[in-house]
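>>> Fold the following, please.
(one chain, ligands or ions: 2)
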Amino acid sequence: VTEPLVLGIESTCDETGIALVRGRELLADVTATSMDEHARYGGIVPEVASRAHLEALRPTLDEALNRAGVDLGDVEAVAVAAGPGLVGSLTVGTAGAKALALSLGVPLYGVNHVVGHAAVDELVHGAFPERFLALVVSGGHSSLLLVNDIATDVVELGQTIDDAAGEAFDKVGRLLGLPYPGGPHVDRLAKEGDPAAIAFPRGLSKGKELARHPYDFSFSGLKTAVARYLEAHEASGEAYSRADVAASFSEAVADVLVTKTLRACAAYDASTLVIGGGFSANSRLRELAAQRCEEAGVEVRIPPIRYCTDNGAMIAALGSAVARAGLPASPWDLPVDSQMPL
Ligand code: KG4
Ligand code: ZN
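Numbering: from 1, shown residues only. Ligands and ions are numbered 1, 2, ... in the order given. The predicted structure is shown next:
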């Protein structure tokens, strides 16, 4: 039996993504973004994002159908990210998905955006092993997932208790006077610095805190430590290297992410790690993950960056897995959930 042609719709934040997937094959993936409209505010403006989704949905859909060489009438299931994300953005995407599924007479699958970040890797590197760990890191989330089955059994082992990894980078970027979003700029500056120059703290990594939060992350204390370091040096006039600050900060983030993830791989006997989310572009995270996973005998799978940032393919991939697992369709009154649990 051939698997259904699944249309995936992503609209949790500022990207409108539409993709078509059959089985584990990606037929088309088109993304529109309202990022440029938010840049001058130094952050996402929810109402601007919602309106942009409304305007982008139809042209993005047409472009995806066009590139896949299929008609709208060929679509056999519609998957949509129902959360977590911005309520207004989610509402536009799910309303669009419901209208399409209802008019086509095909099932609607509301899926979780964070799980989608892991699911997309199946389109790139093939079927998943029986059990694996997924580290999903971006401007909005930092989650460690134990995946027994991508459609039916995903457990969140831990997540950030304050800032997401990308968010911490953006805040440190601002402290260093770099443009928004600061993440990639801090990453670039870090390459010129010494990662061992400054001993910045590793949150939730020792004693009682580690015992209580074995797989959670915390980056706000680290960000504060960077702020204190810069303030102290500005006040005293003592010379310091911005590149060393960027490198030592990047080292602290990557070290905690990789250390906790590998501890989970050992504890749950998983020999495959998928890394997703826009922060997976971070150079130090990639280096450290490659190096330490090799030592630990863990295979690392990271999709190309266009499938790590928010996109429709991740939602279509998860919808396809849900259809393959034979799960029931979502109800027509499928709600959105800004804090959607797994
Ligand atoms: O998944 P994504 O595109 O969207 C959001 O979650 O908003 O992730 C973007 C986040 C931003 O915080 C950005 O600064 C950060 O990931 N980021 C990076 C790098 N590339 C993107 N942070 C550090 N190093 C990078 N190379
Ligand atoms: Zn995301």
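>>> Would you list the phi and psi of the residue nearest to residue 184 when sequence neighbours are not counted?
When the adjacent residues along the chain are set aside, residue 184 lies closest to residue 281, with 7.1 Å between them (CB to CB, 6 or more residues apart in numbering). Placement of C-beta: from N, CA and C, glycine included. With angles defined as degrees, to the nearest 10, residue 281 sits at phi -70, psi -20.
>>> list the contacts for residue 281?
For residue 281, the contacting residues are 183, 184, 187, 305, 308, by CB atoms under 8 Å, 6 or more residues apart in numbering.
>>> I'd like those as TSV, with neighbour count appended.
Converted to TSV, the contacts of residue 281 look like this (neighbours: other CB atoms under 10 Å):
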residue	neighbour count
183	25
184	18
187	20
305	10
308	23
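>>> how near is residue 323 to residue 2?
As defined by CB to CB, to the nearest Å, residue 323 lies at a distance of 12 Å from residue 2.
>>> These two - which one has more neighbours?
Set side by side, residue 323 and residue 2 show unequal neighbour counts under other CB atoms under 10 Å, the larger going to residue 323 at 22 against 7.
>>> among the contacts of residue 281, which two are most distant?
The distance between the two most remote of these (CB to CB) is 14.0 Å, for 187 and 308.
>>> can you count the residues close to residue 148?
Neighbourhood size, residue 148 [other CB under 10 Å]: 13.
>>> elements contacting the lengthiest helix in the chain?
If you go by DSSP state H, the chain has its longest helix at helix 242-267. Taking 3 or more CB pairs under 8 Å, 6 or more residues apart in numbering; DSSP states H and E as the contact definition, the neighbouring helices and strands of helix 242-267 are strand 132-137, strand 142-149, strand 153-159, helix 165-175, helix 183-190, helix 220-236, helix 283-296.
>>> Pick the most buried one from those.
With neighbours taken as mean count of other CB atoms under 10 Å, those reach their highest mean count in strand 132-137, at a mean of 27.
>>> I'd like the average pLDDT over that one.
On average, the pLDDT along strand 132-137 is 98.
>>> Identify the residues contacting stretch 32-50?
Around stretch 32-50, the neighbours that count as contacts under CB under 8 Å, 6+ apart are 13-17, 52-53, 56, 59-60, 86-89, 91-92, 174, 180.
>>> can you give me the mean pLDDT across it?
On average, the pLDDT along stretch 32-50 is 92.
>>> Specify the local secondary structure of residue 181.
At residue 181 the chain is in coil, as set by DSSP: H, G, I helix; E, B strand; the rest coil.
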